[in-house]
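>>> predicted model and sequence follow; I will ask about them next.
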Amino acid sequence: MVAPPAGPGPAPVTAELQCVVLDCPDPHRLAGFYADLLGGEVDRPDPRWALGEGWATLHTPSGPVLAFQRVAEYEPPRWPEPSRPQQFHLDFGVPDLDLARERVLARGATVLDDSDGRGWHIYADPAGHPFCLVRH
């Protein structure tokens, strides 16, 4: 671990996040699911990478890029089952949990836990990745 520099000023930048890549069986279907949830443009040309067969990207209006990579014999996580746990999950802020629930379910999400009273619900996207809708 590198210690932060002494004195005022920001720490030096070592890297910047280019995108979050999700493994899946159908990249364009999953990109469409997240485009419907977040907005943005699927497969916008980007000089940082070349898209090939088996890939899709989503440039979101808020800045982050999600990429989707086809994986042969993909096996989704089985949250909360420990035999194939989640490797990561995404949290999305929404003003209306009920409206967001209707929308993600219509696009192919499944409910993992929608207990009331906490301010968030847990779903799986069409490829099985867990994600949360969080009331903001």
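Sure thing, it's come through. Residues are numbered from 1 along each chain as shown.
>>> all strands for this protein, in order.
20-24, 41-42, 55-59, 65-70, 90-94, 110-113, 120-124, 130-135 (DSSP state E).
>>> of all those, which one is nearest residue 48?
Among the strands of the chain, the nearest to residue 48 by Cβ to Cβ is strand 65-70 (8.6 Å). Glycine gets a C-beta too; all of them are placed from N, C-alpha and C.
>>> ok, back up a step: would JSON lines of the strands of the chain with distance to residue 84 be doable?
As requested, the strands of the chain are exported to JSON lines (distance: least, Cβ to Cβ, whole Å):
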{"stretch": "strand 20-24", "distance to residue 84": "12"}
{"stretch": "strand 41-42", "distance to residue 84": "28"}
{"stretch": "strand 55-59", "distance to residue 84": "23"}
{"stretch": "strand 65-70", "distance to residue 84": "18"}
{"stretch": "strand 90-94", "distance to residue 84": "18"}
{"stretch": "strand 110-113", "distance to residue 84": "14"}
{"stretch": "strand 120-124", "distance to residue 84": "12"}
{"stretch": "strand 130-135", "distance to residue 84": "11"}
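>>> got TSV for the ones you listed, with distance to residue 77, mean pLDDT and mean neighbour count too?
Compiled in TSV, the strands of the chain are given as follows (distance: least, Cβ to Cβ, whole Å; pLDDT from 0 to 100; neighbours: other Cβ atoms under 10 Å):
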stretch	distance to residue 77	mean pLDDT	mean neighbour count
strand 20-24	10	91	18
strand 41-42	24	96	14
strand 55-59	20	94	21
strand 65-70	15	93	20
strand 90-94	13	88	15
strand 110-113	10	96	14
strand 120-124	8	92	20
strand 130-135	7	90	19
